[in-house]
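Trainee: Let's see this in three dimensions:
(one chain, ligands or ions: 1)
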Amino acid sequence: MVKYVISVFYPQAADGFGKGFLFMRRIEVKTGKPYEILVERSISGRVGAELLKVASVKRVMVVTDKTVEGLYFERVKNSLIASGIEVCEFVIAPGERSKSTENLVRLWEALAESEITRSDAIIALGGGVVGDLAGFAASTFLRGIKYVQIPTTLLAMTDSSVGGKTAVDLKVGKNLAGAFHQPCLVLCDPETLGTLPREHMRDGMAEVIKYGMINRPEIIDKLYAYTPGDKDALDEIISMCIEDKRDVVSGDEFDTGIRALLNFGHTPAHAIELGSNYEITHGSAVAIGMVIMTRASVKMGLCKENALGKLLGLLDKFGLPSSCSYSAKTLAQGALGDKKRTGDTISVIMEYGIGDARICKVKVSELEKIFEKGLEK
Ligand code: GLY
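Mentor: Down below sits the predicted model:
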């Protein structure tokens, strides 16, 4: 088993955080091209001014989906126009099917027809599908132009908008064509979660719990103390997740080492999603996957039983599932089709205690046995 050592940098205190104060956090991502993530309620209404601070842009293409367009496009457009920026729009249907090569080609053509140049930018306004598609178009159009992420789902705020992974899906699998391309700015407006359907919020919560399990035990404590509706607490939890992702990504921008920690629970989860023909959502599958890997870690003597108890308690609190009806064999077969496999070994993320996940390389033949332990009662 190979253990990767990770460095965790604890960020500065929030600017003016607390009851009665406006929550605002500025998080710097130190990748090849550094950029900032601003977390602040209603910041999506200031996109024009914030964009001009990092790039002298004349025209933007806002990529969004039909649902988000109806809710937030007007606000974003008005802010851009008020800053003297011309606005073009590209709208896709909501859902994973839109992250397609067909939409990528359409978007490239729309960018060309709108005469977007290398000194202009794309703005991704929406969830992970919009962000991944818009980001990939930005990485390839004219061999690379700037883009801004304005995530509007909990999952996109805490995961996909940070770290520059961009992609489209191919018929044979998710995210199989993509590039690393960092945004020039991320504007995270937790106000937009007010319109997010409950099941999407629950899905995002699985990824939030993941950060507590892999690196940040204090997120687990905050989630136990969290009362739904407490906006200040939620804003702080979101920022803690972003900071953790920032730390991981800054140490491994191109996903050759510690970034794999972010895949905790994802090896069985991908098999569960695939096996259910995506009926089981990503967040639910990650929740079940984290239970499988934590229980296997307990049975293998790597971690104490109470870590599993804490995880199960949180999943229950947020209405996330903890079990599935798939056999270890089915899960192993599904997982081995995953692109993360290298020859006859596969990286799995095991739990050594809350906030202490580690990357372990195991033989492909051991994977089914690990899942068997994870599914034992
Ligand atoms: N979502 C996993 C990563 O960004 O590496």
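
Trainee: what does the stretch 101-250 of the chain put close to the ligand?
Mentor: Asp159, Gly163, Lys165 (C-beta under 6 Å from any ligand atom). C-beta: built from backbone N, CA, C; applies to glycine.

Trainee: ok, the first one - how many residues close by?
Mentor: Under the neighbour criterion other C-beta atoms under 10 Å, Asp159 is assigned a count of 24.

Trainee: let's have the chain start at 409 instead
Mentor: From this message on, residue numbering opens at 409, which makes the last subject Asp567.

Trainee: Am I right that it falls within a helix?
Mentor: Yes - assessed by DSSP: H, G, I helix; E, B strand; the rest coil, Asp567 belongs to a helix.

Trainee: Give the full set of residues in contact with it.
Mentor: Gly536, Glu615, Cys649, Lys653, Leu670 (C-beta atoms under 8 Å, 6 or more residues apart in numbering).

Trainee: before we move on, the earlier item: just give me the closest of the residues of the stretch 509-658 of the chain next to the ligand to Lys777.
Mentor: For these, the closest approach to Lys777 (C-beta to C-beta) belongs to Asp567, at 29.5 Å.

Trainee: measure the closest one to Cys649 for me?
Mentor: From Asp567 across to Cys649, the span is 8 Å (C-beta to C-beta, to the nearest Å).

Trainee: Now do the shared contacts for the two.
Mentor: Residues touching both Asp567 and Cys649 by C-beta under 8 Å, 6+ apart: Glu615.

Trainee: Which residues of the stretch 659-785 of the chain lie near the ligand?
Mentor: Neighbours of the ligand within the stretch 659-785 of the chain, by C-beta under 6 Å from any ligand atom: Asp663, Arg667, Leu670.

Trainee: Name the member of those residues with the most neighbours.
Mentor: Counting neighbours by other C-beta under 10 Å, the top entry in those is Leu670, with 23 neighbours.

Trainee: Test my guess that it contacts Gly659.
Mentor: No - between Leu670 and Gly659 there is no contact under C-beta atoms under 8 Å: 11.6 Å.

Trainee: okay, now Leu601: neighbour count?
Mentor: Residue neighbour count, defined by other C-beta under 10 Å, stands at 20 for Leu601.

Trainee: Same question for the one 5 residues further on.
Mentor: By the measure other C-beta under 10 Å, the count of residues near Arg606 is 9.

Trainee: Stretch 495-508: which residues count as buried?
Mentor: By neighbour count with 16 or more other C-beta atoms under 10 Å, stretch 495-508 contains the buried residues Val495, Cys496, Glu497, Phe498, Val499, Ile500, Pro502, Ser506, Lys507, Ser508.
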